[in-house]
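# Coordinates for the following, if possible.
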Amino acid sequence: MLATLLLFAQEAEEAEPSKAPYYIAAGVLIVFAFGLSFIGTRRHETFPASRGLARGLMLLTALLVAATMFTAVYTG
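Below you'll find the model as predicted:
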């Protein structure tokens, strides 16, 4: 009986996907957000330097958020 319970617990553990991709994506998003906010507050008169840079930062932010959302749903 104990062997059956241990086998069942092992199977239940294997069925759950790893949450490591979500933690990595969320960590990258957090570091990016803190870095961007730090630079933005230090250089608030001239940041971003151009419209192209602003659009690039918005695109990168959207991609990081989408990656974090995808990994959150995928890892469940």
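# what's the longest helix along the chain packed up against?
Looking across the chain with DSSP state H, the single longest helix is helix 51-75. Secondary-structure packing of helix 51-75 (3 or more CB pairs under 8 Å, 6 or more residues apart in numbering; DSSP states H and E): helix 20-42. The way it works is simple: take the backbone N, C-alpha and C, and place the C-beta from them, glycine included.
# Quick one: mean pLDDT for the helix it packs on?
Mean per-residue pLDDT for helix 20-42: 96.
# Please identify the buried residues of it?
Judged by neighbour count using 16 or more other CB atoms under 10 Å, the buried positions of helix 20-42 are 21-22, 25-26, 29.
# just to revisit the earlier point, name the surrounding residues that touch the longest helix of the chain.
Helix 51-75 is contacted from outside by 17-19, 21-22, 24-26, 28-29, 32-33, 36, 48, using CB atoms under 8 Å, 6 or more residues apart in numbering.
# One more pass at 10 Å, please.
Here helix 51-75 makes contact (CB atoms under 10 Å, 6 or more residues apart in numbering) with 16-33, 36, 39-40, 47-48, 50.
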